[in-house]
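Q: just coords:
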């Protein structure tokens, strides 16, 4: 299986790449600043360019996307805008740009986060962004063409990123490091080739967490 991995040089991405390569998958790492294949998920034209450069592929996985946390009263317009542009629209656009290039019955794995369900101090931006990603995944799952599939994973808050923990340490203790989080991400990438489409259901205005991570 050919996997295009965004954020391959990051804490989670590098660990996921190693896990996939051990299992014999061909992983093409895509980073923002270094390596043969470069793209900024905030720039849809750079995404289209790197997909065209690579050609056809089976799977797109994202371990990239920044959120800029702060206590709600201290958040700025810039923090909100940059968070949406990176982790939310960045992941939405990497799916949109990939559709003409990805193989039939290919799949996408995006990253959400534990803050969707475990709300804590200085997490309002992160919670909002995660719900945006999960909402996109739910909607896109019904509309993607050619048997394409999509999901998102929530590998929880990692121990390595220190900046966030300086804000949230009073309320939340990180649960696992990147090596422990990798199986959650790897499972979706490795086994997502098995066909599984969500059933079409009538719109339900009541909260429904069946597709949440």
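A: Nice, thanks for sending it over. Worth saying up front: this structure is predicted, and the values here are computed from it rather than measured.

Q: Pull out the buried positions in stretch 110-121.
A: Under the neighbour-count criterion of 16 or more other C-beta atoms under 10 Å, stretch 110-121 has 110, 111, 112, 113, 114, 115, 116, 120 buried. Where C-beta positions appear, they are placed from N, C-alpha and C, glycine not excepted.

Q: Is the fourth one in contact with residue 126, as I believe?
A: Read it as residue 113. Yes: using C-beta atoms under 8 Å, residue 113 is in contact with residue 126, at 6.2 Å.

Q: Please look at residue 98 and residue 60 and confirm they touch.
A: Yes: judged on C-beta under 8 Å, residue 98 makes contact with residue 60 at a distance of 5.2 Å.

Q: Quick check: neighbours shared by those two?
A: 4, 108 (C-beta atoms under 8 Å, 6 or more residues apart in numbering).

Q: Which of the two has more residues huddled nearby?
A: Between residue 98 and residue 60, residue 60 has the larger neighbour count (other C-beta atoms under 10 Å), namely 27 against 21.

Q: and the more buried one, what are its bridge partners?
A: residue 4, residue 108 (DSSP bridges).

Q: what's the residue lying closest to residue 49 once chain neighbours are set aside in contact with, if anything?
A: Spatial nearest neighbour of residue 49, excluding adjacent residues (C-beta to C-beta, 6 or more residues apart in numbering): residue 39 at 7.1 Å. By C-beta under 8 Å, 6+ apart, the residues touching residue 39 are 6, 30, 32, 46, 47, 49, 50.

Q: Now residue 39, what are its backbone angles?
A: Here is the backbone geometry of residue 39 (degrees, to the nearest 10): phi -160, psi 150.

Q: how much space between it and residue 124?
A: In this view, residue 39 and residue 124 are 29 Å apart by C-beta to C-beta, to the nearest Å.

Q: And residue 111, by the same measure?
A: Residue 111 is 19 Å from residue 124, by C-beta to C-beta.

Q: Do you have the strands of this protein handy? List them.
A: In the chain, the strands defined using DSSP state E lie at 2-6, 26-30, 57-62, 102-111, 149-153.
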